[in-house]
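S.K.: Next input, structure requested:
(chains A and B)
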There are 2 protein chains.
Amino acid sequence: MLAEIITIGDEILIGQTVDTNSAWMGEQLHLIGVKLNRVITISDTREAILEAIDESFSRADLILMTGGLGPTKDDVTKETLAEYFDTKLKRNQEVLDRIESYFESRGFPILETNRQQADLPAAAEVMLNMRGTAMGMWFQKGKKALLSMPGVPYEMKGIMRDHGLYRIKTMFEPNTIIHKTVLTQGVGESFIADKMTDWENRLRAEGLALAYLPSPGMVKLRLTGYPLNGESDVVAQRMENYIDELKEAFPANVYGRERDKLAQVVGELMMLEGETVATAESCTGGTIAQMFTENPGSSNYFLGGAVTYSNQAKVEILGVNPEMIEKHGAVSEEVVKEMAAGARQKFGATYAIATSGVAGPDGGTETKPVGTVWIGLATPDGVQAQKWILGRSRSRNITVSAQTALNWLRNEIIKRRFE
Amino acid sequence: MLAEIITIGDEILIGQTVDTNSAWMGEQLHLIGVKLNRVITISDTREAILEAIDESFSRADLILMTGGLGPTKDDVTKETLAEYFDTKLKRNQEVLDRIESYFESRGFPILETNRQQADLPAAAEVMLNMRGTAMGMWFQKGKKALLSMPGVPYEMKGIMRDHGLYRIKTMFEPNTIIHKTVLTQGVGESFIADKMTDWENRLRAEGLALAYLPSPGMVKLRLTGYPLNGESDVVAQRMENYIDELKEAFPANVYGRERDKLAQVVGELMMLEGETVATAESCTGGTIAQMFTENPGSSNYFLGGAVTYSNQAKVEILGVNPEMIEKHGAVSEEVVKEMAAGARQKFGATYAIATSGVAGPDGGTETKPVGTVWIGLATPDGVQAQKWILGRSRSRNITVSAQTALNWLRNEIIKRRFE
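M.R.: Just a heads-up that it's a prediction; the model follows:
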C-alpha cells in the first residue's frame, strides 16, 4: 500500500518554517511498513487542497494531511474536507467540553472562534488532540483513508501516537519491517563500505537493506529487515549477528544504537563505577560541556569545565605553565596535556579532556593551519595527547573535535576497565 | 510567475533526512519576488521524476530540482532529464578537468564513476558547482525553465548563489520585494502584538506585510514591502520608519536585524571599547560560552568561562564561599553573584555573566521548582542578580536562560556607555 503526505501552509512555501513533520511521519510510516510515495506542500487555499487530495488519492491509499486547522479565518482545511467528503460541520459536545476546560485550566478567556473548533465534519471519526484544541479527523472513502491533523509538531505527533498509527495498522495491515541502527564515530562512510564489502554483499543477498547516514564526524548505519509472517524473531536475530560483525570490525568506532547520544553513553559508562569527568576547552569553546549537560542527570558524572580562550585563563584557571605557552604555543601537545592534567586536578575528576586548536576561519599559520587540533586526555594513569588535522569549516571543526574527544574518552574508559 | 520545487530522495520519504533545502530555496525565491506554488518530494525513480516534471510544468514556469545526482548507480536524475528534454549526454571537458583536479587536490584516487559526472545533457547550460562534483544543469523549454542541482545543502546553496538566483531574475524579471527583519529577545509574540496594534494596523493599511516568527525566548518580526517601479527607496524608508517605532517601543528587547546573532552583537559592542567578558555557568552548562565561541573572531572579547556543575567546582574555580552554598543553596542570589564576581576576577574580564538554576526534568523542590534560574552579572560597577521562573523543558530552559543573560549584558553595556 502507498501513502502520501499533504502539508498545508504558506509559512513553509516562503521558507519561514522548515517542514520537520514530514520526516517524522515518513519515518513512522516506514517503521510500520507503509511506503510513502510523495510529500506535497501546498498553499492554504480551498482550490490547492481539493486538487492535491484528488491527485494523491489517484496514486495512494492513505493521505496524512497537516496544517490549516487553526481558529482564524485563514484556516480553510476543515471546511474544504467537509466539502470533499460531502458532509456537514456539526458541533461535537465532547470536543466542546474539552476545549472549554482547556481554556479554563489555563485561565484564558474563551472566544467564539475557539468554540467553533468543536464544529467538525459529521462523517469524520474524531481523533482527540490531548495537547491542543484542533482535533484529528479520520475520513474513509471506500478502501482509502485520509487523516487530517494540526501542523504543530507535538500535537500532530500526539494524535499519530495516540490514534493514527494504530488505526493505519489495523485498517491496512502493512507488513512488518525491522530497523536497527548502529552509531559510529571517527570513521568515514567510504572506509566502512570498503572494509565491509563482503559483509554488505552477504547482508543484501539475504534480503536485508543497508543505509549509510553520514553527518560531520559520525556515520549511522541502518539495517532493515522484511520478515514474512512469524519470521520476525529469526530475522531480528540474523540482523543482530550482522551488527556483531560490524562491532568486531570497528570496536573503537561503534559507540551506540538507535538514538543514543555519545556524551550520554560516556556518562553512563562513568556512572557504572562512580567516575566523573571535567573538561578544559579552548577551540571547542564549551561545546563538550554543552554536550554533557544537555542530558538529564549529567550532574551525576560531569563536575564542570573550563573554557580557556585566553592564554591568561589557561594559566590562571588550569595552572598551565606560561613558559610552555611561550615556548610551544597554545595549540601544542605540551599545553593541551597541561590543560587536561590541570582540569582533572582542579575539578577533582577521574578523567579530564582538553582541546586546543585553530577552529578558523582565521588564525592559521604555516605550521599550524586552520583545522589543526590537539586533544588531551587525563586519566588516573597519566596524560596523553593526539593531533588531528581537520578542515576549514569552523562549525565542523568544533563539532568533530568535540566528538573525537568524547569517543577517545569512551575507548579509554573501556580499555582501563577490561584490561 | 510561479515556481515549484521537486526534491528527489528516498532518504527524505523514509524520514532519515529532514528536507531543509526546500525552506531555504523557498525563502530565496520569496526574497526575489517569485511565488512558490508547491514542494513535491518523490522517490528516486525515472517514472516518478518524469511524472512530477510534467505535473509541475502544467502549473508553474520554473522548477527547482534537487537530488539524485551522485556518482552511484541509484542516481537516475541526469539520464531522466536528458530523456525529458530530448537530448544526449556528452562529456564536458571543462567539467572533467575540474573533477580531476578536485580529486587530485584532495589526494583521493579518481574512479570512472567520478569521471562520468562530467557527462552532461548537451542541451543543458552547465552551472558550475565549486564545492563538489555534481554540476547544476539549467534547461529551458519555451518560456519555462528547470534547474537541477545536487541535494547536498551547501553545494545546492553555492549553485543558487553563484548562478541560479541571477539567472532566474534575468529570465523572469519578478517584481521586487523588500524584506526587513527585526530581532527581539525577552518579550512574547502576543505581548508585542497587543502593544503594537495601532502600529500594525497602520503598517498593513499601507500595503506592508508583517510576520511574527517566534522561537524559544526570541521573536523575529519580518516586514515585507512590495514597491512598484521606481518606488523601492521610498518604500524601504517607510519600512525603516516603522522599525524605528518598534525599537522605541521595545528598546531593551530589539537586539539586531536580519541574521544577527545575539552573542555576536554583544561581542561587537564590547570590541568597540576593547572590553572583554567571561562566563560562569551552572545550569546553562557551557551554552553561553558556546554561543560566544561559535562566532569567528570571538577570541577578541571572550576570555573564557567556567562550567561549574559541582559545588566543589564553584568553590575551587570561582572562589565561591562554601558557607554561602551551605546556607542559601547553589541556586540562589548570593551564590550566582559570587560566581559572576569570581569569574570576572579570575579571568580578568570587564564583564562576567553567571547562571545557576534547576534546568530539569528532575532536581526541583517546593521552593525551587524546575525552571527556577538565577542570573548574575558583574560589571566594573558591581554585581547584580535576577531571578527567572521558566518552564519544564530542559533544553528550552537552557536556551532561554543563556539568551536572557546575553541580552541583559547587552543592555548593561549600552547603559554604562551612554549614561
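S.K.: now the strands: where do they sit in the stretch 51-200 of chain A?
M.R.: If DSSP state E, counting those that start in this stretch is used as the criterion, the strands of the stretch 51-200 of chain A fall at A:62-66, A:89-91, A:119-121, A:125-127, A:136-141, A:144-149, A:178-185.
S.K.: How about the stretch 251-400 of chain A?
M.R.: For the stretch 251-400 of chain A, the strands defined by DSSP E, counting those that start in this stretch occupy A:254-257, A:277-281, A:302-308, A:351-357, A:372-379, A:382-389.
S.K.: Which one of these lies nearest to chain B?
M.R.: Chain B lies closest, by CB to the nearest CB, to one member of the strands of the stretch 251-400 of chain A: strand A:302-308, at 3.7 Å. Where C-beta positions appear, they are placed from N, C-alpha and C, glycine not excepted.
S.K.: got the angle for the closest one vs strand A:277-281?
M.R.: 10 degrees (axes from the mean of the first three to the mean of the last three CA atoms, to 10 degrees).
S.K.: re the thing from before, okay if I get the strands of the stretch 251-400 of chain A as a markdown table plus mean neighbour count?
M.R.: Shown next, in a markdown table, are the strands of the stretch 251-400 of chain A (neighbours: other CB atoms under 10 Å in any protein chain shown):
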| stretch | mean neighbour count |
| --- | --- |
| strand A:254-257 | 18 |
| strand A:277-281 | 32 |
| strand A:302-308 | 32 |
| strand A:351-357 | 29 |
| strand A:372-379 | 25 |
| strand A:382-389 | 15 |
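S.K.: Quick check: chain neighbours aside, which residue is closest to A:G363?
M.R.: In space, and not counting its chain neighbours, A:G363 is closest to A:V370: 6.8 Å by CB to CB, 6 or more residues apart in numbering or on different chains.
S.K.: returning to that earlier point: put together a markdown table for the strands of the stretch 251-400 of chain A, with mean pLDDT and distance to chain B on each row.
M.R.: Formatted as a markdown table, the strands of the stretch 251-400 of chain A follow (pLDDT from 0 to 100; distance: least, CB to the nearest CB, whole Å):
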| stretch | mean pLDDT | distance to chain B |
| --- | --- | --- |
| strand A:254-257 | 97 | 16 |
| strand A:277-281 | 98 | 7 |
| strand A:302-308 | 97 | 4 |
| strand A:351-357 | 98 | 11 |
| strand A:372-379 | 98 | 14 |
| strand A:382-389 | 96 | 12 |
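S.K.: Would you mind telling me which of those is nearest B:V358?
M.R.: Among the strands of the stretch 251-400 of chain A, strand A:302-308 comes nearest to B:V358, with 15.9 Å by CB to CB.
S.K.: List the contacts of the closest residue to A:M127 other than its chain neighbours.
M.R.: Distance criterion CB to CB, 6+ apart; nearest residue to A:M127, sequence neighbours excluded, is A:G136 at 3.2 Å. Contacts of A:G136 were listed using CB atoms under 8 Å, 6 or more residues apart in numbering or on different chains, and they are A:126-129, A:147-150, A:159, A:163-164.
S.K.: Report pLDDT for A:G136.
M.R.: pLDDT, A:G136: 97.
S.K.: how close does it get to chain B?
M.R.: Per CB to the nearest CB, to the nearest Å, A:G136 is found 20 Å from chain B.
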